[in-house]
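Visitor: how would this look folded up:
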Amino acid sequence: MSLGGLRDEAEIRGHRKTYIGAMPGRILQSLKKAKSSNPVFVLDELDKIGADFRGDPASALLEVLDPEQNSTFYDNFLELEYDLSKVMFITTANTLSGIHPALIDRIEIIEINGYAVEEKIQIAKKHLIPRLRKEHGLTNKNIVLGTQVLETLIADHTREAGVRMLEKRLASIMRNSAMRVASKKKYKPKITKENLREILGPSKFERDQYQAIKVPGVAIGLAWTPTGGDILFIEAVLSRGKGKLTLTGSLGDVMKESASTALSFIKSHSDDFGLDPEIFHQWDIHLHVPEGAIPKDGPSAGITMMTTLASAFMQRRVKPHLAMTGEITLRGKVLPIGGVKEKLLAAKRAGIKDIILCEANRKDLEEIDKKYLGDLKIHYVEDMMEVINIALTKSQVKNALDITLRKIIKEEPPIGDRPS
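Guide: Numbers count the residues shown, from 1 in each chain. The predicted structure follows:
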């Protein structure tokens, strides 16, 4: 039963017999149609129920979905109580934000995240391609789609949590092959990456790939998105000033707080980092997260921001092919985060080889098939000093004048006043 646009309470409870065209509610009509009092009943699009002067259908559903009272569900047309306790109700929704809190309280919520690229490839191979081949009158000999082509198709031409857009793109490829078969033209059945460009046009989306970090003050984080995971570059630069912290990149409140927390931790542990406390009063810090038009928020960039700032102050580069994710505290603890599966698979696709994770997230790796992770090495940490020891190279970076940052502060004039 689809609930999208439903706004009359009588659709659930039925009409009273005094009304013209009165009939039972759709709940009992569906049970009659199923010819069973204990079916599996799917209520689709629960978050799209409307409400107007004729009543609130969401409130009427309280009695339907509450196991404590649905054994005496009252239908206005029947004027009798009916036992719904034997029915297994499954509801679906895209978001919980539009659902009444009392209704959410009566439902066991199972969150289903978006498919990973590896899962989409298997869905395409086992379900979408065989069905689309049949619909387009093609055989296995007419069209061949390999794993690498499917991965390119998913990453470069779709960006979604599900597979609807992937199905449309595959249908376009099938139509192209069907046209060639029908016109009896000679062609190669195996689709290549070059064929994708001819059929679908240039890539619609760009993938973030690992880029070598050649300067201090840059670290790679891992982000969760509704369409999967992604890697995130976080940059920091120092300039002469009075210790002002500037944050850019469409950051949300939580990410801004993470940056402030990271800077406070470094200041309070300056001796452990080997930094002169005066450094924080003589240099301004600008921290930026690229792709500034895209809003970003969440606590999982905490250790990445802390590593970025430590790298900039200590003038030590972050180790190559390393990414990290975790929340931080002023006490120096690293806290667990969510979306581990999507983040690790995104890191693997981007060419990352080492990951820093909170020790408490170790259990989340049980959800991931080991063959998808390959040779990805994961370092589990509990405090922020462990992160620094793993993430930063041992030697300091020296600029063209062969001086370190601490030496600049103590002995040298500002950079702009030096001879070239």
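Visitor: where does residue 115 sit: helix, strand or coil?
Guide: Three-state call for residue 115 (DSSP: H, G, I helix; E, B strand; the rest coil): coil.
Visitor: convert the C-alpha atoms of stretch 373-393 to CSV, please.
Guide: Written as CSV, here are the backbone C-alpha positions of stretch 373-393 (Å, rounded to 0.1, in the frame of the first residue of the first chain):
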residue,chain,number,x,y,z
LEU,A,373,39.9,-4.0,1.1
GLY,A,374,42.8,-5.8,-0.5
ASP,A,375,46.2,-4.8,1.0
LEU,A,376,44.8,-1.7,2.8
LYS,A,377,46.7,-1.4,6.1
ILE,A,378,44.7,0.0,9.1
HIS,A,379,46.3,1.6,12.1
TYR,A,380,44.1,1.6,15.3
VAL,A,381,44.7,4.5,17.7
GLU,A,382,43.2,5.7,21.0
ASP,A,383,44.9,9.1,21.5
MET,A,384,46.0,11.9,19.4
MET,A,385,49.8,11.6,20.0
GLU,A,386,49.6,8.1,18.4
VAL,A,387,48.1,9.7,15.4
ILE,A,388,51.0,12.2,15.1
ASN,A,389,53.6,9.5,15.5
ILE,A,390,52.0,7.4,12.7
ALA,A,391,51.0,10.3,10.4
LEU,A,392,54.0,12.6,10.2
THR,A,393,57.4,11.9,8.7
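Visitor: which residues sit against it?
Guide: 219, 265, 269, 272-273, 303, 306-307, 310-311, 314, 316-319, 322, 324, 326, 328, 332-334, 344-345, 347-348, 352-359, 361-362, 365 (C-beta atoms under 8 Å, 6 or more residues apart in numbering). C-betas here are computed from N, CA, C, even on glycine.
Visitor: remind me, longest strand of the chain?
Guide: strand 228-240 (DSSP state E).
Visitor: which secondary structure elements does the following helix or strand past it contact?
Guide: Downstream of strand 228-240, the next assigned helix or strand under DSSP states H and E is strand 245-248. Counting contacts by 3 or more C-beta pairs under 8 Å, 6 or more residues apart in numbering; DSSP states H and E, strand 245-248 is packed against helix 253-268, strand 283-288.
Visitor: Serialize those to a markdown table and add fields for mean pLDDT and distance to residue 122.
Guide: Below are the helices and strands packed on strand 245-248 laid out as a markdown table (pLDDT from 0 to 100; distance: least, C-beta to C-beta, whole Å):
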| stretch | mean pLDDT | distance to residue 122 |
| --- | --- | --- |
| helix 253-268 | 93 | 34 |
| strand 283-288 | 93 | 38 |
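Visitor: turn these into TSV, including distance to residue 57 and mean neighbour count.
Guide: Output for these, formatted as TSV (distance: least, C-beta to C-beta, whole Å; neighbours: other C-beta atoms under 10 Å):
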stretch	distance to residue 57	mean neighbour count
helix 253-268	36	18
strand 283-288	48	19
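Visitor: just put these in a markdown table and tack on distance to residue 72.
Guide: What follows is the helices and strands packed on strand 245-248, written out as a markdown table (distance: least, C-beta to C-beta, whole Å):
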| stretch | distance to residue 72 |
| --- | --- |
| helix 253-268 | 46 |
| strand 283-288 | 60 |
